[in-house]
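Chemist: sequence first, then the predicted structure:
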Amino acid sequence: MKLRYERKYLVHNSLLPELRQAVLPFVVPDSYAVRPGSHPEYTVRSVYYDSFLRESIHEKIEGFRDRKKLRIRTYNESPENNVAFFEIKRKISNRICKNRTHTPFPQMLQLMNGQLPLHQLSDKEEKQEGDLNRFFYNLHRYNMKPMNLVVYDREPYQGKMDQGVRITFDKNIRTQLFPQLTGMFSNARFELPWPDHFILEIKYFESPMPSWAKAIVHHFSLRNEALSKYVEGVLCHSLTYNQ
């Protein structure tokens, strides 16, 4: 697994046009952003899993140095011809890595419902099979259940000089508690953890951060924060229900 740095900044929506113009000389649109429009974009949909004791939330709040989250991720607006990604996202000290593999969306539903045994996925490469087994091992060991559906519109770019550098603007972040996998493409019952804000993420493999990205962060007086869409998504629902 290759470790990368991942820096996150919470930014008011009013700064998006100016910030976008600042980064454009150094980046090109991500090839996966195929949605037509003035800016490259796709929708990210992730169902996060957690234990009964909500260990992933507590580990984040208490600042554990090493921790991991399980999620199933899909993209865009329809299950038709879509794929689902099984992911374990790990934080190791101050860097991030992932175990990740995918199946067609209907096959993911069968796997999660126990209708399709893992050993029947004979088309997987060794690493993909290992990542899938690792996902289900953690899922069952900690008796994890779907806790939060997090959806946002991602505007992605990669560096011109170093394609390992990624810049993303995650916009219109919204969450839904206790989702069903069959409802991953739902657009109802959402709460907004950060109204009127988006998250800028700067990702890179080799330290230090590219000098041009560092200069932009300094120019806009942005503050690196330990932002978790999963945790804040759960907490914003709690605050709403307790009012």
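Modeler: Yep, it's here. Predicted, not measured: the structure shown is a model, and the values here were computed from it.

Chemist: so what pairs up with Arg154 in the strands?
Modeler: Here Arg154 sits in beta bridges with Tyr42, Asp170, going by DSSP bridges.

Chemist: and the helices in the protein?
Modeler: 16-23, 55-61, 105-112, 126-141, 211-219, 229-242 (DSSP state H).

Chemist: what comes up buried for the fourth one?
Modeler: When you say that, I think you mean helix 126-141. 128-129, 131-133, 135, 138-139 (16 or more other C-beta atoms under 10 Å). Every residue, glycine included, has its C-beta placed from N, CA and C.

Chemist: check the fifth one too.
Modeler: Within helix 211-219, the residues that count as buried by 16+ other C-beta under 10 Å are 212-213, 216-217.

Chemist: got any ranges where this protein has weak pLDDT?
Modeler: In the prediction, the chain carries residues with pLDDT under 70 at positions 1, 34-37, 119-127, 239-243.

Chemist: nearest to the spatial middle of it, which residue is it?
Modeler: In the chain, the residue lying closest to the centroid (C-alpha atoms, centre = their mean) is Ser46, at 6.7 Å.

Chemist: isn't it right up against Arg154?
Modeler: No. Here Ser46 does not reach Arg154: they are 11.1 Å apart, not a contact under C-beta atoms under 8 Å.

Chemist: among the buried residues of helix 211-219, which one sits closest to Ile61?
Modeler: Minimum separation from Ile61 among these (C-beta to C-beta) is found for Val217, which lies at 25.4 Å.

Chemist: mind checking how far the closest one is from Val23?
Modeler: As for Val217, its distance to Val23 is 11 Å (criterion: C-beta to C-beta, to the nearest Å).

Chemist: do Gly114 as well
Modeler: When distance is defined by C-beta to C-beta, Gly114 is 45 Å away from Val23.

Chemist: the more surrounded of those two?
Modeler: Val23 (17 against 7; other C-beta atoms under 10 Å).

Chemist: ok, the residue nearest to that one when sequence neighbours are not counted - contacts?
Modeler: Taking C-beta to C-beta, 6 or more residues apart in numbering, and ignoring the residues beside it in sequence, Val23 has Ile167 as its nearest neighbour in space, at 5.4 Å. Taking C-beta atoms under 8 Å, 6 or more residues apart in numbering, we find Ile167 in contact with 23, 27, 156-159, 200-203, 213.

Chemist: next: Asp131.
Modeler: For Asp131, the contacting residues are 86, 88, 99-101, taking C-beta under 8 Å, 6+ apart as the criterion.

Chemist: recalculate using a threshold of 7 Å.
Modeler: Contact partners of Asp131, counting by C-beta atoms under 7 Å, 6 or more residues apart in numbering, are 86, 99-101.

Chemist: narrow those residues to just the buried residues.
Modeler: Neighbour-count burial within the contacts of Asp131 applies to 86, 99-101; the criterion is 16+ other C-beta under 10 Å.

Chemist: so can I have CSV of the contacts of Ile167 showing distance to Arg95?
Modeler: Compiled in CSV, these are given as follows (distance: C-beta to C-beta, whole Å):
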residue, distance to Arg95
Val23, 22
Val27, 22
Pro156, 20
Tyr157, 21
Gln158, 19
Gly159, 18
Leu200, 18
Glu201, 14
Ile202, 13
Lys203, 10
Ala213, 16
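
Chemist: which one among those residues gets closest to Asp66?
Modeler: Using C-beta to C-beta, the shortest approach to Asp66 within these belongs to Lys203, at 18.9 Å.

Chemist: dig out what the closest one forms beta bridges with.
Modeler: On the basis of DSSP bridges, Lys203 takes part in beta bridges with Glu6, Arg166.

Chemist: could you check how far it is from Ile92?
Modeler: Distance from Lys203 to Ile92, counting by C-beta to C-beta: 15 Å.
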